[in-house]
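Peer 1: Prediction below, plus the sequence it came from.
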Amino acid sequence: MSYDRELVAAKKAASLAARLCQKVQKDLLQSDVQSKSDKSPVTVADYGSQALVSFVLQKEFPSEKLSLVAEEDSGDLCTDGAQETLERITKLVNDTLASDGSYSVSPLSTEDILQAIDRGKSEGGSQGHHWVLDPIDGTKGFVRGDQYAIALALLDQGKVVLGVLACPNLPITSISGGNQHAFNSGEVGCLFFAEVGGGTYMQSLNGSSPLKVQVTAVENPEEASFFESYEAAHSMHDLSSLIAKKLGVKAPPVRIDSQAKYGALSRGDGAIYMRFPHKGYREKIWDHAAGYIVVTEAGGVVRDAAGIPLDFSRGKYLDVDTGIIVTNQKLMPLVLKAVRESLEEKASSL
Ligand SMILES: Nc1ncnc2c1ncn2[C@@H]1O[C@H](COP(=O)(O)O)[C@@H](O)[C@H]1OP(=O)(O)O
Ligand SMILES: [Mg+2]
Ligand SMILES: [Mg+2]
Ligand SMILES: [Mg+2]
């Protein structure tokens, strides 16, 4: 089965959302940062991006009953005092749609925006089609002015069949060696996309022609560099550094926010991505679905720390053992061995 139509729509939705996010990041004011009940910073851009993607998918597939599993919901926007924020989001979405001009609609109302956001309340699962969206992955990076991604994927019968990752601050050229900051590189803004069985491509968010990308062919772990979260609260840096040491990795870790790590890995900027959330954290499907297909279609492999493939068919959550490892086929067995040994050492030292 081909998902070409869905891919075109997903690229369009993610590119428009990226445009909205770029505008907000540019003039990010302190007042844009508010606290959700889990205390993670959520900006008007998270909501605006979700509303925009939901709107575009609805427009592109008007006859289908859209199932969208997305991170945000309108709860906090419906409270007293949130009216001004909701109006800002509505204006942002309308301005972005008007600047693009593809959808000749009358401006959306605040009510339309709330509805579009709340279309993302699906639970996913193993039957039928479900879109999966992280409207801004790496909110902390976004607020800091660093890396973030708009991540959109499609599940069919519980399998990821398509994924798009828009990374507005990722340099077009390789970030190997840690050259990840927009301010000391040339053109930035990458759109990665993949359809099952079709390989992975990258183009610039400004619309250059797509280039096919591949993960690195490095087989010797000493020559491999590795990616991990920028935020130590998101991943145990001490554990990944122990694993890297066991593998003989020489280069220091490259720490970047969001699924931009999957994108960078898919084009061979680094060889390994390790993610070990602290105890009690449950991974969500929107944090991995798009990145997963982008990297696997580029020849990469994604496993949990026990070597088990990820299962996107069980609803919102991914039940993984201890952490997530991404690398190429050759390195995976070596990395998993080092992970196992490091986890045993860590356990016996407690
Ligand atoms: N305590 C946590 N542990 C692990 N990941 C987290 C935690 N809190 C938020 N996240 C999510 O981790 C992802 C980014 O992590 P990283 O940049 O480290 O790869 C995001 O999806 C972020 O959510 P969000 O989408 O709200 O930014
Ligand atoms: Mg969040
Ligand atoms: Mg996320
Ligand atoms: Mg998010």
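Peer 2: Cool, got the structure. Residues are numbered from 1 along each chain as shown. Ligands and ions are numbered 1, 2, ... in the order given.
Peer 1: Where does the stretch 51-200 of the chain get nearest to ligand 3, which residue?
Peer 2: Asp137 (3.7 Å; C-beta to the ion). Yep, even glycine has a C-beta here, placed from its N, CA and C like the rest.
Peer 1: again, but for the stretch 251-350 of the chain
Peer 2: Asp287 (4.2 Å).
Peer 1: Contact residues of the chain facing ligand 1?
Peer 2: Applying C-beta under 6 Å from any ligand atom, we find that the chain lies next to ligand 1 at 40, 71, 134, 137-139, 141, 229-231, 233-235, 257-258, 277, 281, 287.
Peer 1: The residue of the stretch 251-350 of the chain closest to ligand 3 and ligand 2: what is the separation?
Peer 2: Here the distance between Asp287 and ligand 2 works out to 9 Å (C-beta to the ion, to the nearest Å).
Peer 1: go on, Thr296?
Peer 2: 24 Å.
Peer 1: Apart from its chain neighbours, what residue comes closest to that residue?
Peer 2: Leaving aside its chain neighbours, Thr296 sits nearest to Val302 (6.3 Å; criterion: C-beta to C-beta, 6 or more residues apart in numbering).
Peer 1: Could you pull up the residues touching the one you found?
Peer 2: His288, Tyr292, Val295, Thr296, Pro309, Leu310, Ile324, Ile325, Val326 (C-beta atoms under 8 Å, 6 or more residues apart in numbering).
Peer 1: By neighbours, which of these wins?
Peer 2: Neighbour counts for the contacts of Val302 (other C-beta atoms under 10 Å) peak at Val295, which has 32 neighbours.
Peer 1: Look up how far ligand 2 lies from that one.
Peer 2: Val295 is 21 Å from ligand 2, by C-beta to the ion.
Peer 1: which secondary structure element contains that residue?
Peer 2: helix 289-296 (DSSP states H and E).
Peer 1: Mind giving me the packing neighbours of that helix?
Peer 2: strand 129-137, strand 149-156, strand 159-171, strand 188-195, strand 200-204, helix 260-266, strand 300-304 (3 or more C-beta pairs under 8 Å, 6 or more residues apart in numbering; DSSP states H and E).
Peer 1: just to revisit the earlier point, report whether the expected contact of the residue of the stretch 251-350 of the chain closest to ligand 3 with Asp257 is present.
Peer 2: No. Using C-beta atoms under 8 Å, Asp287 is not in contact with Asp257; the gap is 11.7 Å.
Peer 1: Per-residue confidence, Gly81, what does it come out as?
Peer 2: The per-residue pLDDT reported for Gly81 equals 86.
Peer 1: For burial, what's the neighbour tally of it?
Peer 2: Residues near Gly81, counting by other C-beta under 10 Å, number 8.
Peer 1: Am I right that it is in a helix?
Peer 2: No. Assignment of Gly81 by DSSP: H, G, I helix; E, B strand; the rest coil gives coil, placing it outside any helix.
Peer 1: quick one: secondary structure of Ile325?
Peer 2: strand.
Peer 1: Please flag which of the residues of the chain next to ligand 1 sit within helices.
Peer 2: Within the residues of the chain next to ligand 1, residues falling in helices by DSSP state H are Thr139, Gly141.
Peer 1: Now restrict the residues of the chain next to ligand 1 to buried residues only.
Peer 2: Taking 16 or more other C-beta atoms under 10 Å as the criterion, what is buried in the residues of the chain next to ligand 1 is 71, 134, 137-139, 141, 229-230, 234-235, 257-258, 277, 287.
Peer 1: Asn206: which element?
Peer 2: Here Asn206 is assigned to no helix or strand, by DSSP H and E.
Peer 1: tell me the contacts of it?
Peer 2: Here Asn206 is in contact with Glu187, Gly189 (C-beta under 8 Å, 6+ apart).
Peer 1: Could you check how far it is from Gly189?
Peer 2: Per C-beta to C-beta, to the nearest Å, Asn206 is found 6 Å from Gly189.
Peer 1: Many thanks, we can stop here.
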